[in-house]
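Engineer: Below: sequence and its predicted model.
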Amino acid sequence: MQTKLKENFLYQIDRLSAYLAVTCIDVLTGERYQPYNQWLEKSYKNGTLGDTWNQAITDLFQAQTSEKIASEFVKWTNILYKNDYNEMTSIRKAFMYFVTMSDSWLKHWILQNYIVEEFNSNFELKKSWQALSDEEKCRNIAYYLYSLHNLYTHSVTDYQAMEFVQRSNSNLPDKYRVKGFFAIFFPPTSNDEPFRRLSLPEDKRESDMIRLLVITWIRRYWLEITSDSKSFIQKYWDSRATP
């Protein structure tokens, strides 16, 4: 009984630890959430909607019946939401900015330690990590961190935090493992999101990795300390590396 209570306690602490770490990202990058209607009104007034908006207006103007007008309205509302708002809205943009604006040496370190691969609904790998460009890898990592933020903010889930997986040694089947890495499937947080396989080195804890990125960002962009970043990171990680 005590063992089960202890495991459950550690599991909840791991989930909370990872969640609290990722919530720092949108604050650090100076971004704030903006509802769709506010984003649309502001973008329209600023004239930043571009060709998508112009095509939407053209299609609506050419529609001959009320049914066609309604159909075009729904279609273009969804297109603007998915292709423009979702890609540019503040919180999602903040997570992408957080990863892509890291110093080149730190970005290289991130890409060596995080492996975030996308799978289709049949659990077939879309593209291997090795085949992705650095830009695509950064995108996958940023979108994963964004999804992790949303998963705990907007829903209750059975997803197991990586640290709990490491501690309990509850790994994926052999065919889904990455050599030298712990791995777990991360569930979609919306209907248009893929399954993701998150893999981290066996000697590292995820919340420590996220804190490392947060602290480095604070030093680089808030305190403007860059000269000893590498040595600081090494000292930080040495003090937290899993035995």
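Structural biologist: Everything's here; your move.

Engineer: so what's residue 114 up against?
Structural biologist: Applying Cβ atoms under 8 Å, 6 or more residues apart in numbering to residue 114 gives the contacts 137, 141, 144, 198, 199, 200, 209. Using the backbone N, CA and C atoms, a C-beta is placed for each residue, glycine as well.

Engineer: Now with 6 Å, please.
Structural biologist: Shown in contact with residue 114 (Cβ atoms under 6 Å, 6 or more residues apart in numbering): residue 141.

Engineer: can you check residue 24 too?
Structural biologist: Here residue 24 is in contact with residue 214 (Cβ under 6 Å, 6+ apart).

Engineer: and the one helix or strand it maps to, how far from the chain's centre?
Structural biologist: Per DSSP states H and E, residue 24 falls inside helix 2-28. Remark: helix 2-28 is offset 17 Å from the chain centroid, using Cα atoms, centre = their mean, to the nearest Å.

Engineer: How about stretch 111-124?
Structural biologist: 12 Å.

Engineer: go on, stretch 41-56?
Structural biologist: Distance of stretch 41-56 from its chain centroid, counting by Cα atoms, centre = their mean, is 27 Å.

Engineer: next one: stretch 132-152
Structural biologist: The mean C-alpha position of stretch 132-152 is separated from the chain mean by 3 Å, Cα atoms, centre = their mean.

Engineer: what does stretch 212-225 give?
Structural biologist: Taking mean C-alpha positions (Cα atoms, centre = their mean), stretch 212-225 and its chain are 19 Å apart.

Engineer: ends of that stretch, how far apart?
Structural biologist: From its first residue to its last, stretch 212-225 covers 15 Å (Cα to Cα, to the nearest Å).

Engineer: Help me confirm that residue 117 is found in a helix?
Structural biologist: No: counting by DSSP: H, G, I helix; E, B strand; the rest coil, residue 117 is not found in a helix; it is strand.

Engineer: residues touching it, list them.
Structural biologist: 129, 197.

Engineer: hmm, 7 Å instead?
Structural biologist: Neighbouring residues of residue 117 by Cβ atoms under 7 Å, 6 or more residues apart in numbering: 125, 128, 129, 196, 197.

Engineer: Ok, residue 96 next?
Structural biologist: Contacts of residue 96 (Cβ under 7 Å, 6+ apart): residue 142.

Engineer: Check the gap between it and residue 82 for me.
Structural biologist: Distance, residue 96 to residue 82, by Cβ to Cβ, to the nearest Å: 16 Å.

Engineer: Buried residues, the helix holding residue 24. List them.
Structural biologist: 11, 14, 15, 17, 18, 19, 21, 22, 24, 25, 26, 28 (16 or more other Cβ atoms under 10 Å).

Engineer: out of the residues you listed, who's nearest residue 187?
Structural biologist: Distance to residue 187, by Cβ to Cβ, is smallest for residue 15 among the buried residues of helix 2-28, at 13.5 Å.

Engineer: how about residue 65, phi and psi?
Structural biologist: With angles defined as degrees, to the nearest 10, residue 65 sits at phi -130, psi 160.

Engineer: Correct me if wrong: residue 36 contacts residue 81.
Structural biologist: Yes: counting by Cβ atoms under 7 Å, residue 36 touches residue 81, with 6.0 Å between them.

Engineer: ok, of the contacts of residue 117, which come out buried?
Structural biologist: 129, 196, 197.

Engineer: okay, those in CSV with distance to residue 61 and secondary structure next?
Structural biologist: Converted to CSV, these look like this (distance: Cβ to Cβ, whole Å; DSSP: H, G, I helix; E, B strand; the rest coil):
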residue, distance to residue 61, secondary structure
129, 46, helix
196, 41, strand
197, 46, strand
